[in-house]
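Q: what shape does this take:
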Amino acid sequence: MENQVPSYWLIKSEPFKYSWDDLCRDGETIWDGVRNHRAANNLKAMEIGDRLFYYHSNKGLEIVGIAEVSEAGLIDPTDAEGKWPTVKVKPVSKLDNPVTLKAIKANPELDRIELVRLSRLSVGVITREEWDKIIAMSQD
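A: Presented below is the predicted three-dimensional model:
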């Protein structure tokens with residue numbers, strides 16, 4: 001069942017492995033390979049229609065786009081034991097201007113964001129307030 005009000009998340013990918021442009025080219029992908037329990041719990045909590053910031057990690061260090069959960073409640077096909085959850089995601093829109101990790105860290109309104117507090121987490125929660133602030137920063 002789809003959410004009436006979407007939840008907000010952040011997913012990370014190293015651009016040389018799977019970039020925003022790759023997602024746009026493919027139109028949809030399965031978000032596989034997550035093997036961290038907290039990140040897996042976040043994937044398990046996602047529902048169709050939830051919104052995701054797409055963050056380029058390692059190189060770039062910036063939020064570059066908005067994606068959406070297109071299918072939820074899946075088992076990761078790269079997991080031979082069938083224990084790890086995943087979702088399918090599709091692109092929604094590129095941000096007008098990427099929002100860098102440096103800009104996020106410099107903004108006191110974002111001092112509790114998981115991207116900074118739990119920097120190694122590959123799938124994180126974003127609050128509605130954080131979402132709105134980052135969208136506003138991308139439009140400046």
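Q: packing partners of the strand or helix carrying A67?
A: Assigned by DSSP states H and E, A67 belongs to strand 62-75. Contacts defined by 3 or more C-beta pairs under 8 Å, 6 or more residues apart in numbering; DSSP states H and E place strand 62-75 against helix 20-26, strand 51-56, strand 85-100. In this view, the C-beta of every residue, glycine as well, is placed from N, C-alpha and C.
Q: which of the ones you listed sits most buried?
A: Comparing the helices and strands packed on strand 62-75 by mean neighbour count (mean count of other C-beta atoms under 10 Å), strand 51-56 comes out on top with a mean of 23.
Q: got the contact list for it?
A: 6-15, 19-20, 23, 62-69, 89, 91-92, 115, 126, 131, 134 (C-beta atoms under 8 Å, 6 or more residues apart in numbering).
Q: that strand vs strand 85-100, what angle?
A: Per axes from the mean of the first three to the mean of the last three C-alpha atoms, to 10 degrees, the angle that strand 51-56 makes with strand 85-100 is 70 degrees.
Q: so who does the nearest residue to D140 once chain neighbours are set aside touch?
A: Leaving aside its chain neighbours, D140 sits nearest to N97 (6.9 Å; criterion: C-beta to C-beta, 6 or more residues apart in numbering). Under the criterion of C-beta under 8 Å, 6+ apart, the neighbours of N97 are 137-140.
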